[in-house]
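> here's a sequence, model it:
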Amino acid sequence: MPASVSLPDIDRIAQEFMQHITALKAREKTQLEFISSMYTDNM
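Alright, predicted model coming up:
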C-alpha cells in the first residue's frame, strides 16, 4: 500500500467497507431469524 493515498481512493475504500458491513449485518440478521424460527417451531 503506497504511503500517499489520494482522498478519492479513501472515499471509495470506505464506501466498499460500509457496503461489506451492511451485507454482513443483513446476512447475520437472516441467520438469526432462521435460527429463532427453527427454535420456535420445535417448541
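
> just checking, what packs against whichever strand or helix holds Pro8?
According to DSSP states H and E, Pro8 maps onto helix 7-42. If contacts are counted by 3 or more C-beta pairs under 8 Å, 6 or more residues apart in numbering; DSSP states H and E, helix 7-42 sits against no helix or strand. Every C-beta, even on glycine, is put in place using the N, C-alpha and C of the backbone.

> could you give the mean pLDDT of it?
Averaging pLDDT along helix 7-42 gives 91.

> gap between that helix and the chain center?
On the basis of C-alpha atoms, centre = their mean, to the nearest Å, helix 7-42 is displaced by 3 Å from the centre of the chain it belongs to.

> with stretch 36-43 instead?
From the chain centre to the centre of stretch 36-43 is a distance of 26 Å (C-alpha atoms, centre = their mean).

> alpha carbons of that stretch, as PDB, please.
The C-alpha atoms that make up stretch 36-43 are tabulated as PDB, following Å, rounded to 0.1, in the frame of the first residue of the first chain:
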ATOM      1  CA  SER A  36     -35.100 -18.400  16.000                       C
ATOM      2  CA  SER A  37     -37.800 -19.600  13.700                       C
ATOM      3  CA  MET A  38     -36.400 -23.200  14.000                       C
ATOM      4  CA  TYR A  39     -36.400 -22.900  17.800                       C
ATOM      5  CA  THR A  40     -40.000 -21.600  17.900                       C
ATOM      6  CA  ASP A  41     -41.100 -24.400  15.500                       C
ATOM      7  CA  ASN A  42     -39.500 -27.000  17.800                       C
ATOM      8  CA  MET A  43     -41.300 -25.800  21.000                       C
END
